[in-house]
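Peer 1: Sequence first, predicted coordinates after that:
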Amino acid sequence: MTADPGRVRKADPGGLRTAAVLGAAGALVALGALVLTVHATVSSASQRLQTPAQKSKVAVAANAEEAYCTPRFKEVLERVLHSCGLAEGEARRGCKPADVKTFASISGQDFNELFTPLKQRGAVILFDTGKEDLDASAQKALEDRWLDRKGARYFFVVGRASKTGTVESNRALSHRRANSIQFFLKDKFADSELDKRVGLLWLGNEFAQLDKDFCNWQTSRSGEKCDDESINRSAFVSWVDCRL
Amino acid sequence: MHPQSRTYAIFGIAGSLLGLVFAALSSVDYAEHLDRHLHDVHCSLIPGLVSGADEENPCRAAMYSAYSALFRGSYWGGIPISLFALGAFSFFLGFSIYLFFAGNGVSTKALAFFAAAGMTPLAVSLLMFFISITKIGSLCKTCVGIYLSSALLAVGAFLAYRKLGDPFGERPEGKWGPPVLWALALLGFTLLPSVVYAGAVPDQKPYLRSCGKLEKPVEAHNALIRMRTPASVRSATLFEDPLCPTCRAFHQRMLAEGAFDRLDVQMALFPLDSDCNWMLTNPLHPGACTVSKAVICGGDQARQVLEWAYDQQDDLVKAAKASDAQLRALIGRRWGPQVLSCIDAPATKLKLNHQLHFAADNAIPVSTPQMYLGDLKVCDEDTDLGLRYTLGQLAPEVVP
């Protein structure tokens, strides 16, 4: 700071000089100290940048993984995926009872128990005897289930038939029921990825028949008479919230 | 010397010291972030009090804004304006000390210089205050500290002016060299911290492309929201949550940079609300699913709905916390019953679900906003402090 030669009042030149020196010193000390502090902070940030500490892990977006996705459940589902044409690049679609029995290596009862956690998530679509047509309530139930996808990646359709009729005809009937659901979904939602999402199994009346307890699940014909026979004229559908 | 004759100098010293503290805290906060990590920022009128690393505090919003720094296209984060304040307050501290010790012997020119120059920090503060209110929408307490310091200094300058009597009545005698020197010194002091800072900032170029890619840039169901303008020259994918304050600030920065309109944006809404987003166990932003569906229902006006949601975010958040009905009432009042009924349509739910699955298929971080230029991920730190610089490096065609 420079003393002002243009001052109009009488002043002690020595005092002004001292004031100027003090002022200049104060300014320079403040500026110097703070600039050095900022410079040190920048340098320190540069060093951290060049030797970065491990970044804290951030959750990444992914499909859902619910508690019911036990190792056993996933093992069976993975076999379904790979054996029934859901894995990428597979040409075939769906699995018949013999396939399921072979790859699942599991009893029918244990197979059904695996699906117990899906009681609220899925629905049992019911059909008339010997038919594969979807009635209005079945279509509504299917639409509701499909739209309630949340974070699931795969939609399973497990077609069945009651014990009425021959094994061969029931096998074919359960296949048509599973297909009927798939065709409905394709028509309704025109989803180009549907083939990669929907897994079909048809069990005829040979494997994993449902017992009457399944009448308490969400069905497309609530309020109608339900027994061991009618509950198997059905297809169970559900999104599965597992990362497979 | 009568003590009252030094009052202006005391105000000058007090204002400068306080200004130095706030400007230094702000500058250090800025410099800390050059390591590309999130740090606590000072945000209090009590100097030194740290407010935490949350992304929603007004000081962070101010720091990330397009108005906190100059030369942001040349330096990552730019040169913080607090550095200019740091230099200026240092000068005024020294000058006030000089005035204090010079007492009654101080020259008319020195008083006149102090009276005029001492007002400049207040003028800048008023400008920044106006920007804070009108552009950023919040007041950062550290910035307010600088404004108050400037006001104290300005009081000193005003008192110096009063002491002058009628400065225009009689031309002071003597040479004009000293005032010119003081002005040059003020300029030098003001610029020096910035020059030192600019010389020390690390090169961020090697890090700009280090955050990965969008593995599956195409959404099979055509569910993403397209926001294209005639000026769009570069494709970008954005993941945003309409009730996320960080997204709002990011969107405002993009608009302030003039970049948003030059991007051909495909937007995936990513509400951090467990009502529709299975990736959260608790809603971080309750109501975000409903507002996201309203944006989808906007159709051709989706951008307007999104920007309305950002503008009204505080009210929407309050309404959502109260009840879903209150939230819907706000949406209905602005966008009408058609949008309200569309919110509950199965197709809307499906579209939002597809957008969330798009995020899952690409394994994006569960935080918003996320920005991809083409398929290149823009690092989080480059969407805030380094936005202007990063756009200039990675997509110069989108910054005017």
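Peer 2: Great, that's in hand. Numbering: from 1, shown residues only, chains lettered A, B, ... in the order given.

Peer 1: buried residues in stretch B:338-356?
Peer 2: Buried residues in stretch B:338-356, counted by 16 or more other C-beta atoms under 10 Å in any protein chain shown: B:339-340, B:342-343, B:348-356. For glycine as for every other residue, the C-beta is placed from the backbone atoms N, C-alpha and C.

Peer 1: Quick one: the strands in the stretch 101-250 of chain B, in order.
Peer 2: Ranges of strands within the stretch 101-250 of chain B are B:225-227, B:234-240, based on DSSP state E, counting those that start in this stretch.

Peer 1: Let me see the mean pLDDT of the longest one.
Peer 2: Along strand B:234-240, the predicted confidence averages to a pLDDT of 97.

Peer 1: what about that strand, near chain A?
Peer 2: No. With C-beta under 8 Å from any C-beta of the partner chain as the criterion, chain A is not reached by strand B:234-240; the gap is at least 8.7 Å.

Peer 1: Buried residues of the longest helix along chain A, list them for me.
Peer 2: The single longest helix within chain A, with elements called by DSSP state H, is helix A:13-50. For helix A:13-50, the neighbour count (16+ other C-beta under 10 Å) marks A:15-16, A:19-20, A:22-24, A:26-27, A:30-31, A:34-35, A:38-39, A:41-42, A:45-46, A:48-49 as buried.

Peer 1: can you check stretch B:121-130 too?
Peer 2: B:121-122, B:124-125, B:128-129.

Peer 1: now, which of those sits nearest chain A?
Peer 2: Proximity of those to chain A (C-beta to the nearest C-beta) peaks at B:P121, which lies at 14.7 Å.

Peer 1: pLDDT score assigned to that closest one?
Peer 2: 97.

Peer 1: Doesn't A:G130 lie inside a strand?
Peer 2: No. Counting by DSSP: H, G, I helix; E, B strand; the rest coil, A:G130 is not found in a strand; it is coil.

Peer 1: Next, count neighbours for it.
Peer 2: Using other C-beta atoms under 10 Å in any protein chain shown, A:G130 has 13 other residues around it.

Peer 1: Give me the next element, helix or strand, following the lowest-mean-pLDDT helix or strand in chain A.
Peer 2: Across the helices and strands of chain A, the lowest-confidence element by mean pLDDT, DSSP states H and E is helix A:97-104, at a mean of 69. Once helix A:97-104 ends, the next helix or strand along the chain (criterion: DSSP states H and E) is helix A:108-114.

Peer 1: List the contacts of the residue of the stretch 251-400 of chain B at minimum distance from chain A.
Peer 2: Relative to chain A, the nearest point of the stretch 251-400 of chain B is B:W278 (3.4 Å; C-beta to the nearest C-beta). Counting by C-beta atoms under 8 Å, 6 or more residues apart in numbering or on different chains, B:W278 touches A:64, A:150-151, A:241, B:356.

Peer 1: out of these, which are buried?
Peer 2: The neighbour-count criterion (16+ other C-beta under 10 Å) marks A:64, A:150-151, A:241, B:356 among those as buried.

Peer 1: Quick check: pLDDT value at the most centrally placed residue in chain B.
Peer 2: Per C-alpha atoms, centre = their mean, the C-alpha nearest to the average position across chain B is that of B:S65, at 2.0 Å. As summarised for this prediction, B:S65 has a pLDDT of 86.

Peer 1: I'd like the distance from the spatially closest residue to it that is not a sequence neighbour to chain A, if you could.
Peer 2: Among residues not flanking B:S65 along the chain, B:I136 sits closest, at 5.1 Å (C-beta to C-beta, 6 or more residues apart in numbering or on different chains). For B:I136, the distance to chain A (C-beta to the nearest C-beta, to the nearest Å) stands at 23 Å.

Peer 1: B:I136 touches B:Y67, doesn't it?
Peer 2: Yes. Between B:I136 and B:Y67 there is a contact under C-beta atoms under 8 Å: 7.0 Å.

Peer 1: Neighbour count for these two, which is higher?
Peer 2: With neighbours defined as other C-beta under 10 Å, B:I136 and B:Y67 compare such that B:I136 has more, 23 against 16.

Peer 1: Spit out the contact partners of the more buried one.
Peer 2: B:58, B:61-62, B:65, B:67, B:252 are the contacts of B:I136 under C-beta under 8 Å, 6+ apart.

Peer 1: Restricted to helices, list the residues you listed.
Peer 2: Per DSSP H, the contacts of B:I136 map to helices at B:58, B:61-62, B:252.

Peer 1: hey, which helix or strand in chain B has the poorest pLDDT?
Peer 2: helix B:58-64 (a mean of 85).
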